[in-house]
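Visitor: Here is my input, please return the structure:
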Amino acid sequence: MQQLEIQTDLTVVGGGLAGICAAIGAARQGSTVALVQNRPVLGGNSSSEVRVWVCGATAHGVQHFARETGIMGELFVENQYRNPEGNPYYWDLVLLEAVRAEPRIQLFLNTDVRSVEASDGEIRLVTGWQMGSEKEIRFVSPAYADCSGDGLIGLLAGAEYRTGREPRSMYDESWAPDVPDNDTLGSTILFYTKDTGAPVRFVPPSFARDITETAIPDRRVIRSDLNGCAYWWIEWGGELDVVDDNEAIRDELQAVVYGIWDYIKNSGRFDADNLTLEWIGSVPGKREYRRFLGDHVLTQHDVLGQTLFEDRVAFGGWSIDLHPPGGVYASERGSKHWHPDGNYHIPLRSLYSRSVRNLWMAGRNISASHVAFGTTRVMATCAILGEAAGIGAAVALRNGLSPRELASSRFELMRHALTRADGSVLGVVDDDPDNLALQASVTASSTLTHPAVEISSGTLPLDTDIAIVVPVDPALDRLELLVDAAEDAVLTVELHDPVNPQNYLPLALIDSRSVPVSAGEKRWIDVPVDYRPDHPGNVIVVLKQNASVSVHTAATGLPGMIYFAHREPSPDEQWTEQFRPWKHILPRAGLCVRLGETSAYAPEKVIGSYSRPYGGPNLWSSEDLAWDLDPWIELSWPTPVDVSEVVVILDDDVEEDLINLHHHRTPFTSLPTLLESYTVEARNGTADWHPIATVTNNHHRTHRHPLPTPTPLTHLRLKPHSTNGSPRAHIISIRTY
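Guide: Model prediction:
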C-alpha cells in the first residue's frame, strides 16, 4: 500500500458542483487546492451517474434576470455552446475540463475520505483511500471545505449540525412541523428510454414493484414520452436514515423504477412497444442530510422576506420546495412550493462552522433550517455557495483571518474579491480601490437614450392584464403603445412598485390612469405618465384587461424589459401556499413601445455599477447597429495610470434560463446579446491607438486581458465589431487593474 501526503492551502472534499466551484474559486485567488471526489466523475447529482438537471435561482422562469454568473455561469454558457442537446457525458466533460484548466488544483478522483484528525476546534488533516490505485492519501491544509453533501468531514471533525425538521417554535416558520422529527427529503433514481424502431420485450425482474398495488398511477404523472428528471418524483427514504439505509433505499428505488417501466411496457395503456431502457441510475441522488450550524442559520423568514444581509455572498430564487418524507408512497402530492417575490440573499456567516474554526461548507449542508434548505439545496445555488466559500477560504488565508473575522470586521476584502470574480451576488457595486476604471470618465459613439420598438409582428388581445417591466432612470415621462381597438374604449393603465430591486412583480400601486382609445388599427396612444423616483429602478406598468383593445407585439425587445400576463390558478395549483399569478410571456420579444429619454443604458454604467440587472439593466447599450456602424466605448483618465489587466464583462442575458441536460431547449448555442467580436485599444496622451486584445468567435461573458508589463495609458477604447444576434452592442463592465 502506497501512502502519500498532499499539502495545499485548501482541501475541498466533494466533487459536486459546490466542490468544483469552491476549488476553482480558491485557485483563481491564488490558493493551491486539493479537490477530493469519491466517484470516478465530477458533478455529483448532475453527473452522468445520477443525471439530475441543474436548477437554480431562475426557478425555470419564475424569477427573472436570475441566472447565476461567476463559475456556475461559465459552466452554463460553455455547456450551452458545446452541448445544446443536453448529453450527460458532454456535461461531465465540461466540468472536468473546467477543473483541469486550473493549474493550482490537484484532482483526486475515486478517493473516499474516511478519517479526520481534529483537535482544539480545528481540522489537522483528512485521510482518503483512492480506490483502484490502492493509495492512502493524507490531505494537510490550513483550511477545509466540506462539499460532500452528506457532511461526513464536518461530522468527523466534531462540527455542530442538525438533521431532520426543526419544530415551528424554533424559528417561527409556518412550514415547520409543530413537533420536531428526523424526517428528511428522500433520494431519487432516474431512468432514460429510447426508441429502437422495432418491438422490444421487457421481462421485469422478480424484485420489481407492482405499482398498480400502490397509488402511484393515480398520484403521479406517467407517460411513455417522459425521461430522466421528468420522473423527479421517484423518491423514497425520507423516513429512514438516508446514509445508514443507503443500500436499502437504492434497492427500493430501483424496484420502483423497474415497476414503473413494467407498467409502461406491459400494461397496454401506453404506446411503448418500440421503447427500451437506455439507462437506469445505480447511485441514489440524495437531497438532504446533515446541515451544519454557522454564525447565521438561514430561515424561511430570510428567504421570503429577502433579508438584505450586509455579508451577502450569493443569492437563490428556487421556491421553498419540500417533498413528503414517504416519497412515492405518500398520500400527498410529490412536492409543495413557496416562491419568494424575487431572489433572496445568502450570507457568508452561513458558509462556515461556528464550532470548527477552519471548516467551510457549501452545498446542501450549509447553515440553514430544514425549511430554508428546501430552496438552497438546488445545484446551481449550491455551486455559487461553493464559489463563495472557496473565495472566502482563500481571502481569509491570504490575510491571516478566521472565517468569522472575514465575515464581520474585514468583509470588504471578501466583497471586493467576489466582485472581481464576477460572482453571483445581488446589490453589490464595484468599489474596489484596485479597479483604476473607477477613476475614469466614459464616453461612447452612441447610447440608447430614447428606447423604442416600432415594427409590429402581430397583436395580443388584452383578454387579461398585461404587465411591462420598464427601467426608470431618472424618470418615466413618456409611454406610447401601439394598439388596435375594435371600438372606442378607455384603457386603464397602472404603475406599480416592485418594492425590491431584484423583484419583477407589481407589488405596490403607485398611480392609475384612464386613457381614451379611438377605434381603429395601429394607433399610437400616449399614456400620461410622469414618474420620478428617488433613485433609478424599475417600474411595473400594468395594462388592465379590456376586451376591445389589442396591443402590438414586436419580434425583439429592449434591454431590461420583460412582459407578463395575469392568470388565475387552475384547480391543481390552488393547493400551493403562494400562487404566482404573473406568467412571463413574449420571451426574447416584446411590445411596440416608445419611451422618453433615459440614462438606463448610459456609458458610465460600465464602471462602478452592479454587474447584473438590479433595479435596472445596468449596462451600456449602443444605438441600433444599423445606425451606429462603428460603435465604441472609451475610458479616459486625466493623468496616466499603470494598467496590468483589462477585464471586459459582456451581456450574456441572465434572463435566459439555461439548463445542463434536457428540461427544455434553448434555441441557440451562443447567447445573442454577447459580442461575437471586439477589439480593445489603448493610448497614452496624444500617442496613436495600439491594440491590447482582439476577441473573435466569442461565446463567453467574461474576458481577462493581461498586459505583458504594467502599461501607462490615458485612454482605453473597446470597439465592438459584431454581436451574436442582438441589434445593439451591450457591455456590462470594463475594469482595469
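
Visitor: Make sure residue 381 is indeed in a helix.
Guide: Yes: applying DSSP: H, G, I helix; E, B strand; the rest coil, one finds residue 381 inside a helix.

Visitor: Please parse this protein into its domains.
Guide: As assigned by automatic domain parsing, the chain contains the domains 2-165+300-319+332-420, 187-286, 436-447+601-736, 452-595.

Visitor: I'd like to know which of these is closest to residue 292.
Guide: Among these, domain 2-165+300-319+332-420 comes nearest to residue 292, with 4.7 Å by C-beta to C-beta. For glycine as for every other residue, the C-beta is placed from the backbone atoms N, C-alpha and C.

Visitor: What's the mean pLDDT across the closest one?
Guide: For domain 2-165+300-319+332-420, mean pLDDT rounds to 97.

Visitor: before we move on, back to that, just name the most buried of the domains of the chain.
Guide: Highest mean neighbour count of these: domain 2-165+300-319+332-420, a mean of 22 (counted as mean count of other C-beta atoms under 10 Å).

Visitor: Any idea how far apart the tips of that domain sit?
Guide: When the termini of domain 2-165+300-319+332-420 are compared using C-alpha to C-alpha, to the nearest Å, they are 41 Å apart.

Visitor: Mind checking what secondary structure the residue nearest to residue 609 when sequence neighbours are not counted has?
Guide: Counting by C-beta to C-beta, 6 or more residues apart in numbering, residue 609 lies nearest to residue 618, which is 5.1 Å off, once chain neighbours are set aside. Judged by three-state DSSP, the three-state class of residue 618 is coil.

Visitor: Contacts only, for residue 618.
Guide: Residues in contact with residue 618 (C-beta atoms under 8 Å, 6 or more residues apart in numbering) are 605, 609-612, 732.

Visitor: Just say helix, strand or coil for residue 510.
Guide: Going by three-state DSSP: residue 510 is strand.

Visitor: you'd agree it is up against residue 498?
Guide: No: here residue 510 lies out of contact with residue 498, judged by C-beta atoms under 8 Å, at a distance of 10.5 Å.

Visitor: So for these two, which residues contact both of them?
Guide: If you check residue 510 and residue 498 against C-beta under 8 Å, 6+ apart, the residues they both contact are residue 539.

Visitor: Quick one: the domains of the chain as CSV, columns for distance to residue 428 too.
Guide: Compiled in CSV, the domains of the chain are given as follows (distance: least, C-beta to C-beta, whole Å):
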stretch, distance to residue 428
domain 2-165+300-319+332-420, 6
domain 187-286, 32
domain 436-447+601-736, 7
domain 452-595, 12
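
Visitor: Residue 429: which of those is closest?
Guide: domain 436-447+601-736 (6.0 Å).

Visitor: Endpoints of the closest one, how far apart?
Guide: Note: domain 436-447+601-736 ends 5 Å apart using C-alpha to C-alpha.

Visitor: quick one: contacts for the residue nearest to residue 191 when sequence neighbours are not counted?
Guide: Distances taken as C-beta to C-beta, 6+ apart place residue 280 nearest to residue 191, at 4.4 Å, with adjacent residues excluded. Going by C-beta under 8 Å, 6+ apart, residue 280 touches 189-192, 254, 257-258.

Visitor: Show me those that map onto helices.
Guide: In helices, judged by DSSP state H, the following of the contacts of residue 280 are found: 254, 257-258.

Visitor: so which of the residues you listed would you say is closest to residue 130?
Guide: For these, the nearest to residue 130 is residue 254 (27.7 Å; C-beta to C-beta).

Visitor: Check the closest residue to that closest one other than its chain neighbours and give its pLDDT.
Guide: What sits nearest to residue 254 in space, not counting adjacent residues and going by C-beta to C-beta, 6+ apart, is residue 189, at 6.0 Å. Note for residue 189: predicted pLDDT of 98.

Visitor: how about the strands in the stretch 451-600 of the chain?
Guide: Per DSSP state E, counting those that start in this stretch, the stretch 451-600 of the chain carries strands over the ranges 452-453, 458-461, 466-472, 479-485, 489-497, 508-517, 520-527, 537-543, 549-554, 563-566, 582-585, 590-591, 593-595.

Visitor: Need those in CSV (columns: mean pLDDT and distance to residue 273).
Guide: Output for the strands of the stretch 451-600 of the chain, formatted as CSV (pLDDT from 0 to 100; distance: least, C-beta to C-beta, whole Å):
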stretch, mean pLDDT, distance to residue 273
strand 452-453, 97, 50
strand 458-461, 97, 42
strand 466-472, 98, 46
strand 479-485, 98, 50
strand 489-497, 98, 54
strand 508-517, 97, 57
strand 520-527, 97, 53
strand 537-543, 98, 50
strand 549-554, 98, 43
strand 563-566, 96, 41
strand 582-585, 92, 38
strand 590-591, 96, 46
strand 593-595, 98, 52
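
Visitor: Out of the ones you listed, flag the one nearest residue 342.
Guide: That would be strand 537-543 among these, by C-beta to C-beta, at 10.8 Å.

Visitor: other SSEs contacting the closest one?
Guide: Here strand 537-543 touches strand 466-472, strand 489-497, going by 3 or more C-beta pairs under 8 Å, 6 or more residues apart in numbering; DSSP states H and E.

Visitor: Run the angle between the shortest one and strand 537-543 for me.
Guide: Put plainly, it is strand 466-472. 150 degrees (axes from the mean of the first three to the mean of the last three C-alpha atoms, to 10 degrees).

Visitor: Which pLDDT value goes with the closest residue to residue 499 other than its chain neighbours?
Guide: Leaving out its chain neighbours, the residue that sits closest to residue 499 by C-beta to C-beta, 6+ apart is residue 507, at 4.6 Å. Looking at residue 507, its pLDDT reads 97.

Visitor: Residue 507 is in contact with residue 341, isn't it?
Guide: Yes: if you go by C-beta under 8 Å, residue 507 and residue 341 touch, sitting 6.5 Å apart.

Visitor: what do those two both touch?
Guide: 498-499.

Visitor: which stretches of the stretch 1-150 of the chain form strands?
Guide: Going by DSSP E, counting those that start in this stretch, the stretch 1-150 of the chain shows strands at 2-7, 10-13, 33-36, 105-108, 111-119, 122-130, 135-140, 143-146.

Visitor: To residue 20, which of those lies closest?
Guide: Nearest of the strands of the stretch 1-150 of the chain (C-beta to C-beta): strand 33-36, 7.3 Å.

Visitor: Please enumerate residues in contact with that closest one?
Guide: 6, 8-15, 19-20, 23, 26-27, 99, 102, 104-108, 111, 113, 126, 128, 139, 141, 390.

Visitor: Give me the longest strand you can find in this structure.
Guide: For the chain, the longest strand by residue count, based on DSSP state E, is strand 702-723.

Visitor: so what secondary structure elements neighbour that one?
Guide: Using 3+ C-beta pairs under 8 Å, 6+ apart, strand 702-723 sits against strand 633-650, strand 675-683, strand 690-695, strand 730-736.

Visitor: Same list (those) but as a markdown table, adding mean pLDDT and distance to residue 525.
Guide: Formatted as a markdown table, these follow (pLDDT from 0 to 100; distance: least, C-beta to C-beta, whole Å):
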| stretch | mean pLDDT | distance to residue 525 |
| --- | --- | --- |
| strand 633-650 | 98 | 35 |
| strand 675-683 | 98 | 36 |
| strand 690-695 | 97 | 44 |
| strand 730-736 | 98 | 30 |
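
Visitor: out of those strands, nearest to residue 462?
Guide: strand 730-736 (31.0 Å).

Visitor: Now for the contacts of residue 618: which two are most distant?
Guide: Taking C-beta to C-beta, no two of the contacts of residue 618 sit farther apart than 605 and 612, at 11.6 Å.

Visitor: next one: phi and psi at residue 344?
Guide: phi -120, psi 170 (degrees, to the nearest 10).
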